[in-house]
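**Q** can you look at this prediction? I've put the sequence above it.
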Amino acid sequence: MVNVLPQLTRFGGAALNLLFPRFCVGCGKEGVFLCGACVSSLPHIQPPVCPECGLPQSDGSLCRNCQDWQADIDGIRSPFRFEGAIREAVHYLKYRNLRAIAPALACLMADYLENNPLNVEVLVPVPLHKQRLRLRGYNQSALLANELGKRSCLRVDETVLVREKYALPQARTSSVAERRANVMGVFTCRGRGVNGKRVLLIDDVATSGATMNACASALKAGGAVVVWGLALAREI
């Protein structure tokens, strides 16, 4: 079956709303992509968390995976667990071409940053390899970064970080060690857009944190002084 949604986006939001009415991805209620009830029940990650990877940690100390990990990223944070309505929202954004949900999800990320501020200057989305970008047609992390940039007044740089090598999706790896090896040397920092800057990496979902750390390695090689990561959701 031909996917007609990308073609229909050219006709603007009105045509899309007529043919594909907005509905809550959590409960199916018409009118919004995430209704108030579903937003209220989203699975928040509550502190204390591991100061490095951001996973829940009862005493706020480094978790077992981070104790022996010489990470380049300064820390990873996520508002939500990757389950329930937030999982459905990410799947619609990422795999079902529902780009129009990005503003609503970015609002949730902006709310998190307002309540948990990070000292950063520029937003950098985790890039896709050009082969995957060509197949999907867009980078969901870039959509989130641009919408978050509008709400936070932070500059967005989509060009400085490049995924040079094609790697298996992290979901297909079976261990933290495999995930770290899978993305080693995959990213490159181009130009001097982050030289001396404090960067916030943006992604839709974080698993082990290996992808964000590989991105941080490349950005620091390009002169970034601090690199934090913010993912909408986190696999726990």
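**A** Perfect, I can see it now.

**Q** contacts, neighbours, all on C-alpha from now
**A** Noted.

**Q** show me where the protein has its strands.
**A** Per DSSP state E, the chain carries strands over the ranges 75-77, 80-81, 122-125, 155-156, 161-163, 187-189, 198-206, 226-234.

**Q** for the residue nearest in space to the middle of the chain, what are its contacts?
**A** Residue closest to the mean C-alpha point of the chain, counted by C-alpha atoms, centre = their mean, is Asp203 at 1.5 Å. Shown in contact with Asp203 (C-alpha atoms under 8 Å, 6 or more residues apart in numbering): 125-126, 140-141, 144, 229-232.

**Q** and what of Val199?
**A** By C-alpha under 8 Å, 6+ apart, Val199 lies in contact with 120-124, 224-228.

**Q** 10 Å instead?
**A** For Val199, the contacting residues are 118-124, 155-157, 216, 219-220, 224-229, by C-alpha atoms under 10 Å, 6 or more residues apart in numbering.

**Q** out of the contacts of Asp203, flag the one nearest to Asn195.
**A** Closest approach between the contacts of Asp203 and Asn195, by C-alpha to C-alpha: Pro125, at 16.5 Å.

**Q** name the nearest of the contacts of Asp203 relative to Phe187.
**A** Closest approach between those and Phe187, by C-alpha to C-alpha: Val126, at 9.4 Å.

**Q** Ala210 is in contact with the closest one, correct?
**A** No - contact criterion C-alpha atoms under 10 Å: Val126 and Ala210 do not qualify, at 11.8 Å.

**Q** the two: who's more crowded?
**A** Val126 (26 against 23; other C-alpha atoms under 10 Å).
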